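Colleague: 3D model of this:
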Amino acid sequence: MSLAKKIRDLERLIRNPRMPEELKKKKRPELERLKAEAESSKKKRAQVEKEKKYAKKYRYLKFIEKKKVTKALNRARNKLSKIYTTDGEMTIEEGKLRAEIGVLERDLEYIIKYPKGYKYVSLYPNGGVSEEHAKRIYKMRTMIHGGTADSGGSERRESSRNNVSKKLTGVAIATNQRPGKTSNSDDEEDAQGDSFFVSDQEEEEEE
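Modeller: Residues are numbered from 1 along each chain as shown. Presented below is the predicted three-dimensional model:
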């Protein structure tokens, strides 16, 4: 017997004037329990549907951003492997590369572990990362890590990762390429995905 039918049967029993009050009194807690169970089941179904909707809607955007971050991370790691020394002294260039790798690793984790039931907040929105957008990103980062942090920390960290984004864009311009695109021929999909990067205004309109 379905949960809905059990609820209907109990409601009819309780409404029936010919039923003893003692029996009705015993059945009311059961009815409330079944209603709570039905409501919980309804919320779970709605959550699953929401997750499916967002997975489909943001799948390609997340794919493009993951590809960009992964390639940038591999390039930075390759550069680091070429300048790494074993004398115990860290050069300025090595320090910058390690900082860049740290930012990119956090970005990759952000994309992979992003909560399924939330609208995706792009790491590379059209027009760059504004202060408001940085706060949205940081809010999702703290959710991913299951913690909280001060707003000042959000501005510092997102400013750091935004500098990496600008650096990648600058390299692309210097080599006469579109932002985020490398010289490899298999990067054509990146250019096609640029239009998927949402702006702050588009996100506000969605909400």
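Colleague: got the buried residues for stretch 94-103?
Modeller: The neighbour-count criterion (16 or more other CB atoms under 10 Å) identifies Leu97, Glu100, Ile101, Val103 as the buried residues of stretch 94-103. Bear in mind the C-beta positions are built from the backbone N, C-alpha and C, glycine included.
Colleague: Could you double-check that the second one lies in contact with Lys79?
Modeller: No. Counting by CB atoms under 8 Å, Glu100 sits too far from Lys79 to count as a contact (9.1 Å).
Colleague: what about the residue nearest to the spatial centre of the chain, which SS state?
Modeller: When the chain is reduced to its mean C-alpha position, the closest residue under CA atoms, centre = their mean turns out to be Tyr114, at 3.1 Å. At Tyr114 the chain is in coil, as set by DSSP: H, G, I helix; E, B strand; the rest coil.
Colleague: In contact with the closest residue to Lys6 other than its chain neighbours, which residues?
Modeller: Leaving aside its chain neighbours, Lys6 sits nearest to Leu34 (5.6 Å; criterion: CB to CB, 6 or more residues apart in numbering). The neighbourhood of Leu34, defined by CB atoms under 8 Å, 6 or more residues apart in numbering, consists of Leu3, Lys6, Ile7, Leu10.
Colleague: any idea how far Glu11 is from Leu34?
Modeller: Here the criterion is CB to CB, to the nearest Å. By it, Leu34 lies 10 Å from Glu11.
Colleague: all helices for this structure, in order.
Modeller: In the chain, the segments counted as helices under DSSP state H are 3-15, 21-83, 92-112, 131-144, 151-174, 188-193, 200-206.
Colleague: Including mean pLDDT, could those helices go into a markdown table?
Modeller: Converted to a markdown table, the helices of the chain look like this (pLDDT from 0 to 100):
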| stretch | mean pLDDT |
| --- | --- |
| helix 3-15 | 91 |
| helix 21-83 | 93 |
| helix 92-112 | 92 |
| helix 131-144 | 92 |
| helix 151-174 | 45 |
| helix 188-193 | 42 |
| helix 200-206 | 49 |
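Colleague: I appreciate the help and will end here.
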